[in-house]
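K.L.:
Next one to model:
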Amino acid sequence: MVFDILKKGMMIVLSFVLILSFSFANVKSHAEEIDPGINRLTGDNISPSFYEGGDSSAYTLSKVDSKANAYTGKKYTHNSRFDNLNIYNGVDISQFNTINSYSKAYKAGIDYAFVRMGMRYAGSGNLGLDSKYNSNMKGCIDAGIRVGVYVYSQAITEAEAREEANHILNNLGSYPINMPLVLDYEFLSESGPNTGRLFKANLSKAKMTSICMAFCETIEAAGYQPMVYANGSMLNNHMQPATIGAKYPIWLANYTTKTSYTGPYDFWQYSSTGSVSGISGNVDCNFWYSKNVNQYRNYLQIVKVPEQQYTGEEITPEITVMNYKGETLTLGTDYTVTFSDNVDVGTAKINVTGLGDYAKYSKVGVFKIKSPKFEYAKMVSKTVDSITIDWNDVEGAVKYNIYRSNARKGTYTLVGSSDAQVSEFTDTNLEDGTEYSYYIKYYNTNSNTISSSTVVARTSQKATKQAKLNKKYILRKTPAKSSAAVLTVAKNKYLTYYCKSINNAGNTWYYVSYKTDGKTYYGYIYNSAATLYQRAKTSKKSLKVMNSTSADATVVTTISAKDTKITIIGEDKDSTGNEYYKITVVISSKRYNGYVGKDEIYLY
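P.N.:
Numbers count the residues shown, from 1 in each chain. Here you go, the predicted model:
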């Protein structure tokens, strides 16, 4: 009984340990895709770096609100540099905000909103989409609230910053954007301390600044106004705000009534606990210092043009131009369009000039011209001494060169050319039963080139063969001992032989197949691992296979059908000089060895 109690107790403990292990595993899995805004955007565990911690006497603070702020109930003091500018009120929103009425927010004095489009997860580094992005965009636009878009970044390279910029651009659709597109650059904070991939990367000021600039340059090249968001501590201690601010606006986050931050900024996120009509719970509130609320309004907007294929000629895609209300404008009535840099692979420019009511406006857009490419290149036919290669027509081609190597990854030599109208080539005077490698090189009018993938092709054999393993051997995926294993085959097994292959080390391999359990496996064996034997077929029915060439030989088996495949493994003569082949044949899954007359079979 005591044993039973102990046994039950151990089972309970073990179950508890398993539950904990499963729970921790789930926590880890969740952390790998953790939304970096999970804490700050919900108002939980906001990093101390967002709050005022400096000396506000560092510069003149001369513009003090005459009455309490409508959204926080506090009075704010503004930097004297903004004395001649208007102050416009805005919010930034995400899936963590509950908005009951965008119209009420607009009527409460909200001029603009920065809508989170997505984020880079703090653990995995993958990109994600804010679940309320589209509903927030539509709600704001319908209510008359100007919209900008931001991505919550965790970029640690310039390439990732450009990827995040394109993440925004690819999700703008036809939304009328009239505020900046923003890189939200901040550390993930959990229960106070900073963490996440951006923090752990421990980047220099110069590197973080370069990442921000890469984002901004990508957005700017697409015809939109970029901006960088960061808190005062981030700007002062981890970035070079003067470099960024010299070219692009900065959105400062600093939760205080009078910021001591002395660097450049155009927007100030002054609170994360604002209360705005139409929005349930806390919301981030912002000041924008500007002479004109329409400063960033795009009176002319070009809907994103998809990538175009290089043709060698000028590319002039149809474009859609809208006004700031999202209304589609008419070419020739509302605007004219010209293109530049629109022939070669790269970034082409769209130049839109307004007409009529839009005569004082213009807009520059871009689209990508992608490199032409080979969709396929393949062998379409072969003989014992020729191989024919076929490939797709590639836009803009003026000629193709065909290169061949007699070895895998060996030296390629030019073996032929064709003009743009011909996408097929036959290589002749080749060795039978041999493997070759080819690739096709494309040329356009500017002498730009691209190459196809490698085509491995094999000539036919003049006479078919089998390979008999002289030891247990592993079939390899490619002709190299380091290549992946396909199957291990036992000694003395016969494999179907197709051709020889020379690898880049100059070693000879055999390309073979082996059938077992109803499945055929293909691969390569080193030439010293097997002996090659000629294949043949029987030339008559009821062919007797004898155990020797002597007069008293006995029958080993009878091959009943004509044209049965056999393998020649040797030659011999009887006492009178008659010639025989020693053969091996499989009948009903059983292998027989013996002798037949040379005139009773034929090679194929």
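K.L.:
which ones are touching the residue nearest to residue 520 when sequence neighbours are not counted?
P.N.:
The shortest distance from residue 520 to any non-neighbouring residue, by CB to CB, 6 or more residues apart in numbering, is to residue 513 (5.3 Å). No exception for glycine: its C-beta is placed from N, CA and C like everyone else's. By CB atoms under 8 Å, 6 or more residues apart in numbering, the contact set of residue 513 is 495, 496, 498, 520, 521, 522, 523.
K.L.:
switch the cut-off to 10 Å
P.N.:
Residues near residue 513 by CB atoms under 10 Å, 6 or more residues apart in numbering: 467, 475, 486, 495, 496, 497, 498, 520, 521, 522, 523.
K.L.:
The last one contacts residue 496, correct?
P.N.:
Pointing back at residue 523 there. No. Residue 523 is beyond contact range of residue 496, at 11.4 Å (criterion: CB atoms under 10 Å).
K.L.:
of these two, who's got more company?
P.N.:
residue 523 (24 against 17; other CB atoms under 10 Å).
K.L.:
any idea which element that one lies in?
P.N.:
Here residue 523, judged by DSSP states H and E, is contained in strand 519-526.
K.L.:
Next secondary structure element downstream of that strand?
P.N.:
strand 530-538.
K.L.:
pLDDT on that next one, on average?
P.N.:
Mean pLDDT, strand 530-538: 95.
K.L.:
on that earlier part again, element containing the residue nearest to residue 520?
P.N.:
strand 508-516.
K.L.:
Pull out the buried positions in that strand.
P.N.:
Residues of strand 508-516 classed as buried by neighbour count (16 or more other CB atoms under 10 Å): 509, 510, 511, 512, 514.
K.L.:
Then stretch 361-369?
P.N.:
In stretch 361-369, counting by 16+ other CB under 10 Å, buried: 361, 363, 365, 366, 367, 369.
K.L.:
mind checking pLDDT for the residue nearest the centre of the chain?
P.N.:
Central residue of the chain (CA atoms, centre = their mean): residue 163, 10.6 Å from the mean position. We have a pLDDT of 97 for residue 163.
K.L.:
what residues are up against residue 359?
P.N.:
334, 335, 353.
K.L.:
Could you pull up phi and psi at the second one?
P.N.:
The main-chain torsion angles of residue 335 are listed as degrees, to the nearest 10 and equal phi -160, psi 160.
K.L.:
Counting neighbours, what do you get for it?
P.N.:
23.
K.L.:
Can you tell me how far it is from residue 351?
P.N.:
As judged by CB to CB, to the nearest Å, residue 335 and residue 351 stand 10 Å apart.
K.L.:
re the thing from before, so which of the buried residues of stretch 361-369 sit within strands?
P.N.:
Taking DSSP state E as the definition of strands, the buried residues of stretch 361-369 contribute 363, 365, 366, 367, 369.
K.L.:
For my notes, please list these in TSV and give pLDDT for each entry.
P.N.:
Formatted as TSV, these follow (pLDDT from 0 to 100):
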residue	pLDDT
363	89
365	88
366	90
367	92
369	92
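K.L.:
so which of the contacts of residue 359 comes closest to residue 228?
P.N.:
residue 353 (30.4 Å; CB to CB).
K.L.:
Which helix or which strand is home to that closest one?
P.N.:
strand 346-354.
K.L.:
Now do that strand: which elements does it pack against?
P.N.:
Helices and strands touching strand 346-354, as assessed by 3 or more CB pairs under 10 Å, 6 or more residues apart in numbering; DSSP states H and E, comprise strand 301-302, strand 321-322, strand 335-340, strand 362-370.
K.L.:
out of those strands, nearest to residue 598?
P.N.:
Closest among these, using CB to CB: strand 362-370, at 62.7 Å.
K.L.:
Just the CA coordinates for the very next helix or strand once past that closest one, please, in CSV.
P.N.:
Per DSSP H and E, strand 362-370 leads on to strand 377-382 as the next helix or strand towards the C-terminus. Provided in CSV are the C-alpha atoms of strand 377-382 (Å, rounded to 0.1, in the frame of the first residue of the first chain):
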residue,chain,number,x,y,z
ALA,A,377,16.1,25.6,-69.9
LYS,A,378,15.9,21.9,-70.5
MET,A,379,17.0,19.0,-72.7
VAL,A,380,14.2,18.1,-75.1
SER,A,381,15.9,15.3,-77.2
LYS,A,382,19.0,13.2,-77.5
